[in-house]
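Colleague: any chance you could fold what I've pasted below:
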Amino acid sequence: MTELDLIIIGGGPAGLTAAIYAQRARLVTILLEKSLLGGQVAYSGPIENYPGYLETTGLELAGRMEEQVRRLDLDIVYETAKAISLEGPMKAVTTGKKVYHAKSVIIAVGDEPLTLGLENERRLTGRGVSYCATCDGPLYNGKKVAVVGGGDSAVTEALYLTKMAKAVYIIHRRDTLRAEKLNAERLLSKVNVEPQWSTVVTEINGDEKVESLTLKDVKTGESRELAVDGVFIYIGRRPQTGFLANIQKDEWGYIQTDSLMQTSMKGVFAAGDCASYNWRQIASAVGEGAKAAISAIKYIEREFT
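Modeller: The predicted structure is shown next:
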């Protein structure tokens with residue numbers, strides 16, 4: 001392979017935006033992606049807060065981003081990054097198949113959903129337990145479902161489920177939602193939504209599929225059973241940064257960067273949800289991807305010319 005200028009790890013909004021800037025700057029670039037382009041955006045429902053779109057879907061927006069980078073002839077390699085190291089001024093990115101060398105690297109690996117850690121959760125995943133309403137919601141047309149969580153993701157996905165489910169139970173350990181006010185108001189106004197305030201899930205019950213949840217009131221300690229056909233879990237995220245042994249991260253595993261998106265390793269930048277857990281917005285990921293790419297371009301010009 002021709003000597004690379006830049007390796008981008010991750011094909012979500014941050015990585016794809018960085019790729020657009022890199023290709024337009026005529027950098028010799030590859031993008032490493034372990035699964036599908038678009039990242040978590042591809043699994044999002046209706047999107048109304050992305051500039052330039054009155055309304056779109058995550059799948060449509062991800063498709064437009066992919067189309068744009070393919071028009072720029074980006075070299076996309078479907079491999080999983082295992083490690084990053086320095087070899088003199090060059091960076092070495094090891095995958096399961098080979099080692100790639102480049103002048104600079106942008107990490108945009110995103111994050112993944114946290115689980116409740118309950119006994120039957122893994123066993124019933126795909127049989128009533130889900131982490132993606134957009135993917136699995138149509139399976140519950142006319143049925144009863146629960147959504148665990150009270151943040152933006154939980155509320156957005158619950159709104160999607162109200163279009164098809166007979167009842168949507170919002171299970172939240174607090175007595176108010178933490179999500180964007182407009183969406184929270186929309187959700188609570190739906191006639192088929194039933195909040196379960198100050199409540200946590202202690203058991204997921206069912207043999208071949210989810211049949212009910214055991215709920216505990218965090219104020220009284222009382223337990224009860226709620227019959228549901230499915231449960232959608234949105235209790236937080238975990239960055240996919242376990243492979244980065246020599247780059248500084250915070251206590252939760254999120255990559256620490258400066259205002260230029262520079263990490264603790266010289267010439268290595270990070271962008272998107274793996275570095276910005278406070279935001280988790282498509283718009284912020286796109287902005288950080290652009291910043292990381294511009295910083296990488298300037299770094300390469302400064303250090304290698």
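
Colleague: send me the longest strand that the chain contains as PDB with only the CA atoms.
Modeller: When the chain is scanned for its longest strand (criterion: DSSP state E), the result is strand 99-107. Presented in PDB, the C-alpha positions along strand 99-107 are these (Å, rounded to 0.1, in the frame of the first residue of the first chain):
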ATOM      1  CA  VAL A  99      -0.300  -3.200  10.400                       C
ATOM      2  CA  TYR A 100      -1.000   0.100   8.700                       C
ATOM      3  CA  HIS A 101       1.400   3.100   9.000                       C
ATOM      4  CA  ALA A 102       0.400   6.700   8.600                       C
ATOM      5  CA  LYS A 103       1.600  10.200   9.500                       C
ATOM      6  CA  SER A 104      -1.500  10.900  11.500                       C
ATOM      7  CA  VAL A 105      -4.500   9.100  13.000                       C
ATOM      8  CA  ILE A 106      -8.100  10.200  13.900                       C
ATOM      9  CA  ILE A 107     -10.000   8.000  16.300                       C
END
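
Colleague: what helices or strands is that strand leaning on?
Modeller: strand 4-9, strand 29-32, strand 81-87, strand 90-95, strand 268-270, helix 282-304 (3 or more CB pairs under 8 Å, 6 or more residues apart in numbering; DSSP states H and E). C-beta coordinates here come from the backbone N, C-alpha and C atoms, glycine included.

Colleague: end-to-end on stretch 131-150?
Modeller: End-to-end distance of stretch 131-150 (CA to CA, to the nearest Å): 14 Å.

Colleague: pull out the buried positions in it.
Modeller: Residues of stretch 131-150 classed as buried: 131-134, 136-137, 140, 144-150 (neighbour count, 16 or more other CB atoms under 10 Å).

Colleague: now, those residues that are in strands?
Modeller: Per DSSP E, the buried residues of stretch 131-150 map to strands at K144, V145, A146, V147, V148.

Colleague: so where is the stretch 51-200 of the chain shaky, pLDDT-wise?
Modeller: The stretch 51-200 of the chain contains no residues with pLDDT under 70.
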